[in-house]
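**Student:** the amino acid sequence is not available; the structure is as follows:
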């Protein structure tokens, strides 16, 4: 049985993102400073304003490290690889665009507007503050346009099936990124060998991240048994419903086309579906006679009496 190989790509915008713990004094200093001041300090760190000992922009990543397309609209681009000697033969004429199913959405490096250090107050007790486990963090993101990893999969002669494409998403202070990609229930390994991109802008900020609310990446890496069991059940139910709805729509359209081909016009109001209010109004004007219109109760008694 001949195998068929496919390549999955995400959207054209994304980039590299890191988030890691830093010195609390560094966060306090830059909490109310502008982004440009923070970026300049990171590109040329000097005492005493260094994020942490041995700091390096892309290695300060104990919270998150991503290099992915944005999860803007869950769009993916699928290409069948017909030249096995060139896995990245850009055969865009045969490229398929598909919308993946969201399997999970995790909070990875989101700390909102916590630019002020959380403290004990009338709204939060000392024990609650301790349980929330706030830590000082620094995030850096290079926003780019290009390619940010691809995913390969094979089938046993079958065509690509959009109902089998799923993905996970991770939320950060600089937007949502594609976290993982799945096909036919299996996680696909991301391949960065073909990455190429052009930098558009750098972004950075500091804050206090609540580790209690964070969902780390390893919760979804398959190492924990049944970690995504509930999510897969929910997704499979959604896919089954989508298939059923699509099948019914296809059957209804086929029936209407057959009736039209046989010269049968079905003007039943129950079967009418309009694409816009204007289309509906035009239909009413064409099919409703003046006597029916004059006898209709518009809810304005005075106007009804005057017309009589």
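**Tutor:** That came in fine, so what should we check first? Just so it is clear, the model here is predicted, and its values are computed rather than measured.

**Student:** under the pLDDT cut-off, which ranges of this protein? List them.
**Tutor:** Along the chain, segments meeting pLDDT under 70 span 1, 47, 87-91, 112-115, 225, 248-308.

**Student:** please, where are all the helices along it?
**Tutor:** Here the chain has its helices, by DSSP state H, at 24-30, 35-43, 126-132, 229-261, 277-287, 290-294, 301-307.

**Student:** list of residues touching the third one?
**Tutor:** Think helix 126-132. For helix 126-132, the external contacting residues (C-beta atoms under 8 Å, 6 or more residues apart in numbering) are 118-120, 124, 210-213. Yep, even glycine has a C-beta here, placed from its N, CA and C like the rest.

**Student:** show me which residues of stretch 21-31 are buried.
**Tutor:** Within stretch 21-31, the residues that count as buried by 16 or more other C-beta atoms under 10 Å are 21-23, 26-27, 29-31.

**Student:** can you check stretch 160-177 too?
**Tutor:** Those would be 160, 162, 164-177, for stretch 160-177 by 16+ other C-beta under 10 Å.

**Student:** quick check: the residue nearest the centre of the chain vs residue 168, distance?
**Tutor:** With distances taken as C-alpha atoms, centre = their mean, residue 71 lies nearest the centre of the chain, 3.3 Å away. Distance of residue 71 to residue 168, computed by C-beta to C-beta, to the nearest Å: 9 Å.

**Student:** what is in contact with those two at once?
**Tutor:** By C-beta under 8 Å, 6+ apart, residue 71 and residue 168 have these common neighbours: residue 178.

**Student:** about what we covered before: any chance of the buried residues of stretch 21-31 in JSON lines, plus distance to residue 109?
**Tutor:** Converted to JSON lines, the buried residues of stretch 21-31 look like this (distance: C-beta to C-beta, whole Å):
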{"residue": "21", "distance to residue 109": "11"}
{"residue": "22", "distance to residue 109": "13"}
{"residue": "23", "distance to residue 109": "18"}
{"residue": "26", "distance to residue 109": "17"}
{"residue": "27", "distance to residue 109": "14"}
{"residue": "29", "distance to residue 109": "20"}
{"residue": "30", "distance to residue 109": "17"}
{"residue": "31", "distance to residue 109": "17"}
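
**Student:** for residue 228, state which of these is nearest.
**Tutor:** residue 21 (27.5 Å; C-beta to C-beta).

**Student:** and residue 66, what does it touch?
**Tutor:** Applying C-beta under 8 Å, 6+ apart, we find residue 66 in contact with 16-18, 108, 170, 172, 177, 179.

**Student:** and the strands in the stretch 101-250 of the chain, which stretches?
**Tutor:** According to DSSP state E, counting those that start in this stretch, the stretch 101-250 of the chain carries its strands in the segments 101-109, 134-147, 150-155, 165-172, 175-183, 186-188, 190-191, 196-210.

**Student:** having no further points to raise, I will conclude here.
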